[in-house]
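when you get a sec, could you give me coordinates for this:
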Amino acid sequence: MMSEPSTPLYTALTAFAQERPLRMAMPGHKGAPLPGLGEAYAAIDFTELPPTGNLYAPGGAIEQAERLWAERWGADACLFLTGGSTQGIHAALLCATKPGDTVLMDRVSHRSLHTGMALLDLKPVWLEREWQPEGGIVGSADPEKVEEALRKHPNLSAVCITSPTYYGVLSDVPKIAEICHFHQVKLVVDAAHGAHLPLLGENPFAGADFVITSAHKTLRAPGQSALLFAQAPATLDDLREASMTFATSSPSYPMMAALDCCRAWYAGEGTAQYQRTAAAVAALRRDYPSLHDGDAPLDPCRFVLCVEDGFAVEKALHSVGIYPEMADACHVVFILTDGDQPAHIERLRVALDNLGLWWADRAAGVMPPLPPLPEPVLSPREAAFGQKREVPFAQSAGQIAAQQLAPYPPGVPVVAPGERIDKKVLSYLKQIGYNTQSVKCVVQD
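Presented below is the predicted three-dimensional model:
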């Protein structure tokens, strides 16, 4: 009996393309070279046909490839996503809750969680995090605060946390999962920035019911490609059904094939390369003022430089052809992966050495602590679908926000949709130099 190919979907697509079938179906290029992109991409870009399978139907090469990912991750089910982690977050929320439920929501939350709450009419109870003044960031989600919230709000149906954060801060997902399951609620983890973490040791997401991760952010995968993992009792059929509510009915076959090949790469030499990158980041942290595990548990491959003026450093780096992921008032964030070779690390070091005068010893004192949570007035759904108008930022006190106000740092929504903008919030945003000119607000009767 022949063993299963290591890339079942990619193998099936390339084999079918080599048969030169008469393609009288979508997509419109019919396998001909795409202008500017050549032939390789178009050759495996198919629609749902018997040899290519269907993302939303059981069986076939797609499911084989997904099952290999689930096995690699230690999950019971995996669904390929071609609409990024946003698609997966919406699907996971639909699996974990029913419309009108109340959820414990990490205040460190991507806007997709807010749009998901609006679409499903979920009500948030906010889980706040402690401010870490030494690093100028928020710390980990505290399991004790999760326990406290679940005891205080017995009607909660799910807990949603972000790990890692944009700055690389990790939370103790296994411990939080244990607490959630004791209280019989589901744990959803937005791990969009953490697809690589299981390559570096034990799975840091063990125990979570649903984990969403963006392969394209930190692995060798194309933009928008992501993965939704689940544990029983959730099944692959559950993930398919939920995803169809939000996703395109025409998922990209080249993107799914790339996910298939991506897993095979990390089953081989890719993991060792990633581990070498983690060692290089550890050396960078030793040699330059940066966030380290004394501030909070950190992603081993997220390098966050602590500087006096992050925007100036970013601009200087751009001038020598180096483009970090993000800068804020006191940090510059670099995402390093197995795609970064030793020569790339050395080029970064040379540039940083030439910028030595820009550095502060630490970010301490640059960022003030977060203001108190604003008053909740409307549900996320009411804020999302209510009538809106633009209000000048300076005149927005007393208005109800229809959007997130989420400056970086701290990377936390200071105001979430449906909350009232008050003078303390405006004072804080002015103090940190938040530069929005206007705010989208809900029209009040």
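
when you work out contacts or count neighbours from here on, use the C-alpha atoms and nothing else.
Will do.

would you quantify the distance from the residue lying closest to Thr213 once chain neighbours are set aside to Gln387?
Distances taken as Cα to Cα, 6 or more residues apart in numbering place Ala192 nearest to Thr213, at 3.9 Å, with adjacent residues excluded. Distance, Ala192 to Gln387, by Cα to Cα, to the nearest Å: 31 Å.

of those two, who's got more company?
Ala192 (28 against 12; other Cα atoms under 10 Å).

all strands of the stretch 151-300 of the chain, in order?
156-162, 186-190, 210-213, 226-230 (DSSP state E, counting those that start in this stretch).

so which of these comes closest to Asn54?
strand 226-230 (16.3 Å; Cα to Cα).

the strands of the stretch 151-300 of the chain: which one's closest to Phe80?
When the strands of the stretch 151-300 of the chain are ranked by proximity to Phe80 (Cα to Cα), strand 226-230 comes first, at 5.1 Å.

starting at the chain centroid, how far to stretch 390-402?
28 Å (Cα atoms, centre = their mean, to the nearest Å).

could you report the neighbour count for Val169?
Count around Val169 with other Cα under 10 Å applied: 24.

then Thr271?
17.

about what we covered before: let's have the strands of the stretch 151-300 of the chain in JSON lines, adding mean pLDDT, distance to Gly411 and mean neighbour count.
Below are the strands of the stretch 151-300 of the chain laid out as JSON lines (pLDDT from 0 to 100; distance: least, Cα to Cα, whole Å; neighbours: other Cα atoms under 10 Å):
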{"stretch": "strand 156-162", "mean pLDDT": "97", "distance to Gly411": "11", "mean neighbour count": "25"}
{"stretch": "strand 186-190", "mean pLDDT": "98", "distance to Gly411": "14", "mean neighbour count": "26"}
{"stretch": "strand 210-213", "mean pLDDT": "98", "distance to Gly411": "18", "mean neighbour count": "30"}
{"stretch": "strand 226-230", "mean pLDDT": "98", "distance to Gly411": "22", "mean neighbour count": "28"}
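
let's have these in CSV, adding distance to Ala351.
CSV is the format used below for those (distance: least, Cα to Cα, whole Å):
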stretch, distance to Ala351
strand 156-162, 32
strand 186-190, 33
strand 210-213, 31
strand 226-230, 32
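
can you tell which of those strands is closest to Asp260?
strand 226-230 (11.2 Å).

any idea of the mean pLDDT for stretch 105-112?
In this model, stretch 105-112 has a mean pLDDT of 93.

would Ser427 count as being in a helix?
Yes - secondary structure assignment places Ser427 in a helix (DSSP: H, G, I helix; E, B strand; the rest coil).

where's it relative to Pro407, distance?
Taking Cα to Cα, one finds Ser427 at 13 Å from Pro407.

more neighbours, those two?
Pro407 (18 against 13).

my guess is the more buried one contacts Gly433. True?
No - using Cα atoms under 8 Å, Pro407 makes no contact with Gly433, being 9.2 Å away.

the strands of the stretch 151-300 of the chain: which one's closest to Gln64?
strand 226-230 (14.4 Å).

centre of the chain to the closest one, how far?
11 Å.

kindly report the same for stretch 212-220.
With Cα atoms, centre = their mean, you get 8 Å for stretch 212-220.

so for it, first residue to last residue, what's the gap.
17 Å.

got a list of contacts for it?
84-85, 88-89, 92, 189-196, 221-229, 259, 262, 335-339 (Cα atoms under 8 Å, 6 or more residues apart in numbering).

in stretch 271-290, what's buried?
The neighbour-count check on stretch 271-290 (16 or more other Cα atoms under 10 Å) flags 271, 273-278, 280-282, 284-285, 288-290 as buried.

circling back to that earlier point, quick check, pLDDT for the residue nearest to Thr213.
Reported pLDDT for Ala192: 96.

for His110, see how far away it is.
10 Å.

find the residue ranges of the stretch 1-150 of the chain scoring beneath the pLDDT cut-off.
Low-confidence segments of the stretch 1-150 of the chain (pLDDT under 70): 1-5.

please, where are all the helices along it?
8-18, 40-43, 60-73, 84-96, 111-120, 143-152 (DSSP state H, counting those that start in this stretch).

do you know which of those lies nearest Gly168?
Among the helices of the stretch 1-150 of the chain, helix 84-96 sits nearest to Gly168 (Cα to Cα), with 16.9 Å.

which outside residues touch the closest one?
Contacts of helix 84-96 (Cα under 8 Å, 6+ apart): 81, 112-113, 116, 120, 157-158, 186, 188, 190, 192, 210, 212-214, 223-228, 234, 238-239, 242-243, 245-247.

stretch 370-386 too?
In contact with stretch 370-386 (Cα under 8 Å, 6+ apart) are residues 114-115, 117-123, 131, 400-403, 414-415, 417-422, 424-425, 428, 442-443.

ok, the closest residue to Leu170 other than its chain neighbours to Val185 distance?
Nearest residue to Leu170, sequence neighbours excluded (Cα to Cα, 6+ apart): Pro164, at 4.6 Å. With distances taken as Cα to Cα, Pro164 is found 21 Å from Val185.

what do you get for Leu9?
Distance from Leu9 to Val185, by Cα to Cα: 35 Å.

try Ser243
Ser243 is 21 Å from Val185, by Cα to Cα.

which one of the two is surrounded by more residues?
Neighbours of Ser243 and Val185, each counted by other Cα under 10 Å, are more numerous for Ser243; the result is 26 against 22.

burial count for the closest residue to the more buried one other than its chain neighbours?
Of all residues not flanking Ser243 in the chain, Ala91 sits nearest, at 4.9 Å (Cα to Cα, 6+ apart). If you count neighbours by other Cα under 10 Å, Ala91 ends up with 25.

repeat that for Arg347.
12.

which SS class is it?
Under three-state DSSP, Arg347 comes out as helix.

which residues touch it?
With Cα under 8 Å, 6+ apart, Arg347 has no contacts at all.

need the distance between the two termini of stretch 228-247.
Terminal-residue distance, stretch 228-247 (Cα to Cα): 13 Å.

need the residues that contact it.
55-58, 70, 75-81, 83, 85, 87-88, 90-92, 94-95, 207-213.

just the buried positions in that stretch, please.
Quick answer for stretch 228-247 (16+ other Cα under 10 Å): 228-231, 234-236, 238-240, 242-243, 246-247.

out of the buried residues of stretch 271-290, which two sit at the greatest distance?
Across these (Cα to Cα), the longest gap, 27.6 Å, separates Thr271 and Pro289.

how about the contacts made by the residue nearest the centre of the chain?
Centroid-nearest residue in the chain: Ala192, 2.3 Å away (criterion: Cα atoms, centre = their mean). Neighbour list for Ala192: Ser85, Pro164, Ile212, Thr213, Ser214, Ala215, Lys217 [criterion: Cα under 8 Å, 6+ apart].

compare those residues and tell me which is most surrounded.
Ile212 (31 neighbours).

the helix of greatest length in the chain packs against which elements?
Secondary structure of the chain per DSSP state H: the longest helix is helix 269-287. If you count contacts as 3 or more Cα pairs under 8 Å, 6 or more residues apart in numbering; DSSP states H and E, helix 269-287 packs onto strand 302-306.
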